[in-house]
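Colleague: Got a sequence here, can you build the structure:
(one chain, ligands or ions: 1)
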Amino acid sequence: MARSSSPALPRVRLLATGGTIAGAQVKGARGYQAAAFSVDALIAAVPQVRELARLDVEQVAAIGSQDMDEFTWRKLAACTSAALTEASIAGVVITHGTDTMEETAFFLNLVVRSEKPVVLVGAMRPATAISADGPMNLYNAVAVAAHPDARGRGVLVVANDEIHFAREITKTNTTQVGTFNSGHRGLAGLVNTGRIHFYAAPVRRHTASSEFSLAAPAAPVSRGSELARDSQASKSRASSLPPQSPTALPRVDIVYGYAGMGRELIDAAVKAGARGLVLAGVGDGNLSAPALAAAAEAAKNGVAIVRSSRTGGGVVERNIEIDDDRLGFIVADELNPQKARVLLMLGLARTREIGALQELFFAY
Ligand code: SIN
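Modeller: Numbering: from 1, shown residues only. Alright, predicted model coming up:
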């Protein structure tokens, strides 16, 4: 039975979305089903969290994060923002599958306007596994969300005793518990059974200093339909918005580069209605000649082209091997393709101007 919390403890809102942290093995030690357990069951597995904070819990979704989508991002952003506006809430913890956690974390890092801690947490092993990593991860995540030193650092991810910034983290391994890596810029800090050590501050704009917002949807939001955009932004920037549904973030697809690549995938994405394309290019964001020709044509026709890299590290700079100025391309700077997609979706909801979009990639 869960121990009750002292009223002197900070209050933390726990939003659950599913993932392996809530997963249960169904056919022996290897197979499992994500999102099988409720958030209450997760807390019951680690009753010590109630010594760290008073927890309010809300089940926002119950999905594997491969099914995370704009609808759920928006719902999560709304629940997170609502929680953080409550004076008594110190921070928010979001349980989430690890597969697309970096995208959700970065999305929230751009649209949640608060200094209070927002911490995403997941697990690589299901709750019923031998040596499940979820309970300790959850314990550490609650400790971080309840801690005043976590304020002002943007959205964080806690896993495997590490604290990562939303912008820097990426998943690098299919199964190992040490899957998360924060590349060149490194960790925000470490957390050891609730003891927290912060080492760094975020380098780019985020949360409270972000220009993005999803407040006040302009139209009812429902799964499967186009989704509402910030009505303030719609009014003030109506002239620069793409002639698309006024209720959805613009469609942005990712096309992966490879040796011998043709133009077909880029053409198909444009034909399917993409307003923006992120190219996971080879090396320094490069593309074969046919793919480059297709991307240049798409850019000429008003599709925002962002060059990122499939390498997993490094900066894609302007005008190195490809003449971005002439072709009207944008470079992703340090963002990996999946995060570049998130920023481009939000950016395209505000402007189609290539220079302005490029500036976003240097600012966030
Ligand atoms: C998922 O992302 O929902 C499945 C994998 C995981 O949580 O580790």
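
Colleague: mind checking pLDDT for the closest residue to Pro10 other than its chain neighbours?
Modeller: Leaving aside its chain neighbours, Pro10 sits nearest to Ala90 (3.8 Å; criterion: C-beta to C-beta, 6 or more residues apart in numbering). The C-beta positions use only the backbone N, C-alpha and C, and glycine is treated the same way. pLDDT recorded at Ala90 is 98.

Colleague: So Ala90, which state does it fall into?
Modeller: Here Ala90 is recorded as strand under DSSP: H, G, I helix; E, B strand; the rest coil.

Colleague: Then Thr72?
Modeller: Three-state assignment for Thr72 (three-state DSSP): helix.

Colleague: so it makes contact with Ile63?
Modeller: Yes. With contacts counted by C-beta atoms under 8 Å, Thr72 reaches Ile63, the gap being 7.1 Å.

Colleague: quick one: common contacting residues for the two?
Modeller: Common neighbours of Thr72 and Ile63 are listed as Thr17 (criterion: C-beta atoms under 8 Å, 6 or more residues apart in numbering).

Colleague: now stretch 38-46, how far from the centre of its chain.
Modeller: 24 Å (C-alpha atoms, centre = their mean, to the nearest Å).

Colleague: do that stretch and the ligand meet?
Modeller: No. Using C-beta under 6 Å from any ligand atom, stretch 38-46 never reaches the ligand; the gap is at least 12.6 Å.

Colleague: which parts of that stretch are buried?
Modeller: For stretch 38-46, a neighbour-count test (16 or more other C-beta atoms under 10 Å) marks 39, 42-43, 45-46 as buried.

Colleague: next one: stretch 293-300
Modeller: For stretch 293-300, the neighbour count (16+ other C-beta under 10 Å) marks 294-299 as buried.

Colleague: do stretch 134-154 as well
Modeller: Using 16+ other C-beta under 10 Å as the burial criterion, the residues of stretch 134-154 that qualify are 134-147, 150, 152-154.

Colleague: now the end-to-end length of that stretch.
Modeller: 22 Å (C-alpha to C-alpha, to the nearest Å).

Colleague: quick one: average pLDDT of it?
Modeller: Per-residue pLDDT over stretch 134-154 has a mean of 98.

Colleague: Check stretch 53-69 too.
Modeller: So the average pLDDT for stretch 53-69 ends up being 97.

Colleague: ditto for stretch 165-178
Modeller: Averaged across stretch 165-178, pLDDT comes to 98.

Colleague: Any chance of TSV for the buried residues of stretch 38-46, columns pLDDT?
Modeller: Shown next, in TSV, are these (pLDDT from 0 to 100):
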residue	pLDDT
Val39	86
Leu42	90
Ile43	94
Ala45	92
Val46	95
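
Colleague: neighbours of the closest residue to the ligand within the stretch 51-200 of the chain, just the number please.
Modeller: Going by C-beta to the nearest ligand atom, the ligand is nearest to Gly97 of the stretch 51-200 of the chain, at 2.0 Å. When neighbours are counted by other C-beta atoms under 10 Å, Gly97 registers 24.
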